[in-house]
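Asks: Below are the sequence and a predicted model for it; my questions follow.
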Amino acid sequence: MSATSRAPHTLQQLEDFLKDDIKVKVAVDGILRGKFMSKEKFLSAASSDGFGFCSVIFGWDIHDTVYSRELLISNKANGYRDIIAYIDLSTYRRIPWENNVPFFLVSFLDPDTREPLSVDPRGVLKTISEQAENIGRQCYAGVEYEYFNFKESAQSVADKNFANLQPLTPGMHGYSLLRTQLNNDYFLALFDESAKFDVNIEGHHTETGPGVLETALAYTSALRMADNAILFKYMAKSIGMQYGIIPSFMAKPWGSLPGCSGHTHVSLRDSIGKNIFAVSEQELSAGRADPAYEDTKFISKEAEWFLAGVLDGIADVVPMLVPTINGYKRLVGGEAFWAPNAVTYGYDSRAASIRIISPPSCPPSATRMEVRVPGADMNPYFAISAIFALGLRGIKNKMSLPCPPISQCSPEDRKTGKIKMLPTSLEAATIRMMRSDSVAREVFGDVFVDHFGGTREHEVKIWNEAVTNWEVERYLELA
């Protein structure tokens, strides 16, 4: 993993860094929960194997409701016991908008075995990254977030019952230089504060939709990217509060407008940093001699195996890419908004689920794949883990591409089954992931799938019990 720019290398260095501080902030989980600790307690935990943290964070949902079905990690039977929070000193940074308080991320260990907790988001991605390292490969990734911004606060949206919210700006203005002159202080603060927070940004601009922005995070190692992605959301929401703005990473806030994506770019490097997906110098002029299709002639054979692995297993891990009820609204009919909902790929194709980015549209060193299925509401640890786990499986088994590129397919192929469709709801996706023979169980194991699948079943249960405004408006009078 790529450490932050100021990460300490020794405990003495850590103590020196914190000599003028009285408290430290630590954070956990896919929606960032955490707490302040005294410096003394923090240093004690940092010099040992960690500190106790209530396991209930693995036993309740984003609104602190205990899961409908008791799950393995945290339940009544074990008394919602503590688990061990292990401080990752390589994540050290300071929060510039919070008096520069020191900040660290933690990973979780089983209190009995001291082994990594099998359902911990950071732990899952660490495990997949280590699998890559065992075959001499390093996982690299980049994330792009699209997000609506509203002139609202937590109190105002509650007072309005989350209806009639005011977008930050009106109209559809992708890549607009003019629209950023409105609310310019907020727009610039997102970039500047992110840099101070050691979350580097590669690109930052308006996107199509009222009040929509897009931010591309700078490419880095996979675990550092997942950290940066979750911390960018935290930063954006924190800065938004200062300006009376809510940036929303909900995948589909409006039925009639494009949704918000979390496009994820991936590649593998060898031990000296060479891009394994790239073709050789000799192949650069005409492409590889033995590509499966024209679309793959400027990626390596290993990249083709990786791509085949993702295509082969992606339908079995969709909840790890699209974890919410709302996320599937972005995908249903999503091809109209460049939100692919099928098992497809293609060279430089934004209509495909997996976009191959390679020469001649980029230099060989930048060769990568963009997985366009995830929405902005994804848990980046699970999404990136799923992509690399499938890709590494493809390399291990030297898989062949299961279908031709999207350029060789027609709309009719979706109806005939030549193009395989992805699940269209969280319920269907969870059922598929939890099948006894699912690829998810093969690459992540039963403990993880049963736990994470159980959390998604809970989300489905709550949704199925809900009565929506749409139902009331449609049926109250005329049914």
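Replies: It's in. Residues are numbered from 1 along each chain as shown.
Asks: neighbours around the spatially closest residue to residue 323 that is not a sequence neighbour, how many?
Replies: Spatial nearest neighbour of residue 323, chain neighbours left out: residue 379 (6.1 Å); criterion: Cβ to Cβ, 6 or more residues apart in numbering. Using the backbone N, CA and C atoms, a C-beta is placed for each residue, glycine as well. By other Cβ atoms under 10 Å, 23 other residues sit near residue 379.
Asks: contacting residues around residue 379?
Replies: Listed by Cβ atoms under 8 Å, 6 or more residues apart in numbering, the contact set of residue 379 reads 30, 121, 230, 320, 323.
Asks: I figured the last one was touching residue 377, is that so?
Replies: I take that to be residue 323. Yes. Assessed by Cβ atoms under 8 Å, residue 323 is found in contact with residue 377 at 6.9 Å.
Asks: if we can go back for a sec, which two in the contacts of residue 379 are spaced the farthest apart?
Replies: 230 and 320 (14.8 Å; Cβ to Cβ).
Asks: who's more crowded, those two?
Replies: residue 320 (29 against 23).
Asks: about what we covered before: give me the pLDDT value at the residue nearest to residue 323.
Replies: Residue 379 is assigned a pLDDT of 97 by the prediction.
Asks: next one: phi and psi at it?
Replies: phi -90, psi 110 (degrees, to the nearest 10).
Asks: gap between it and residue 53?
Replies: 18 Å (Cβ to Cβ, to the nearest Å).
Asks: Also residue 218?
Replies: Counting by Cβ to Cβ, the gap from residue 218 to residue 53 is 30 Å.
Asks: Could you pull out the strands in the stretch 51-200 of the chain for me?
Replies: According to DSSP state E, counting those that start in this stretch, the stretch 51-200 of the chain carries its strands in the segments 51-54, 82-95, 101-109, 138-150.
Asks: Partner strands of the first one and their direction?
Replies: What it means is strand 51-54. strand 82-95 (antiparallel) (DSSP bridges).
Asks: Please find the angle between the direction vectors of the strand it pairs with and strand 101-109.
Replies: Taking axes from the mean of the first three to the mean of the last three Cα atoms, to 10 degrees, strand 82-95 and strand 101-109 form an angle of 150 degrees between their directions.
Asks: before we move on, the earlier item: could you single out the nearest of the contacts of residue 379 to residue 92?
Replies: residue 230 (15.9 Å).
Asks: Pretty sure that closest one sits against residue 383.
Replies: No. The criterion here is Cβ under 8 Å, and residue 230 misses it with residue 383 at 11.0 Å.
Asks: re earlier: so which one of the contacts of residue 379 is the model least confident about?
Replies: residue 30 (68).
Asks: Output the below-cut-off pLDDT ranges for this structure.
Replies: 1, 28-30, 333-338 (pLDDT under 70).
Asks: nearest residue to the residue nearest the centre of it other than its sequence neighbours?
Replies: In the chain, the C-alpha nearest the mean C-alpha coordinate belongs to residue 380, at 2.0 Å (Cα atoms, centre = their mean). Closest residue to residue 380 apart from its sequence neighbours, by Cβ to Cβ, 6+ apart: residue 229 at 3.8 Å.
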